[in-house]
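>>> structural data only, the sequence is not supplied:
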């Protein structure tokens, strides 16, 4: 599991999640949430994410408390299915 973060000059942020996004990612993702606080927009790239569990969904809700415009991109069919079952397509823009 690796999470990388990049803040863009336009005030937006991008988070890339690689591998499994689960409870073991809590501390690392929490640091990213602090780093993006105040950003206008945040893109979460799941292009290399292989697994998402309920604790990851909770972490994404914490991010939503800090940044209102969040886009989720590059989901595999398995990750997209988890997000849709959890009705996250109603809370986040998923591409």
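Perfect, I can see it now. Not measured: the values here are computed from a predicted model.
>>> any regions of the chain where pLDDT drops low?
1 (pLDDT under 70).
>>> state the helix or strand in which the residue positioned nearest the centre of it lies.
Per CA atoms, centre = their mean, the C-alpha nearest to the average position across the chain is that of residue 44, at 4.2 Å. Element membership for residue 44 (DSSP states H and E) is strand 41-52.
>>> who's in contact with the residue nearest to the centre of the chain?
14, 15, 16, 17, 60, 63, 70, 71, 72, 73 (CB atoms under 8 Å, 6 or more residues apart in numbering). Bear in mind the C-beta positions are built from the backbone N, C-alpha and C, glycine included.
>>> how about residue 2?
Here residue 2 is in contact with 17, 18, 19 (criterion: CB under 8 Å, 6+ apart).
>>> can you tell me how far residue 21 is from residue 31?
14 Å (CB to CB, to the nearest Å).
>>> could you do residue 88 as well?
The value you get for residue 88 to residue 31, if CB to CB is used, is 22 Å.
>>> in terms of neighbours, single out the busier of the two.
Between residue 88 and residue 31, counted using other CB atoms under 10 Å, the more crowded position is residue 88 (19 against 12).
>>> would you confirm that the more buried one contacts residue 58?
No. Using CB atoms under 8 Å, residue 88 makes no contact with residue 58, being 11.3 Å away.
>>> helix, strand or coil for residue 62?
Recorded secondary structure, residue 62: helix (DSSP: H, G, I helix; E, B strand; the rest coil).
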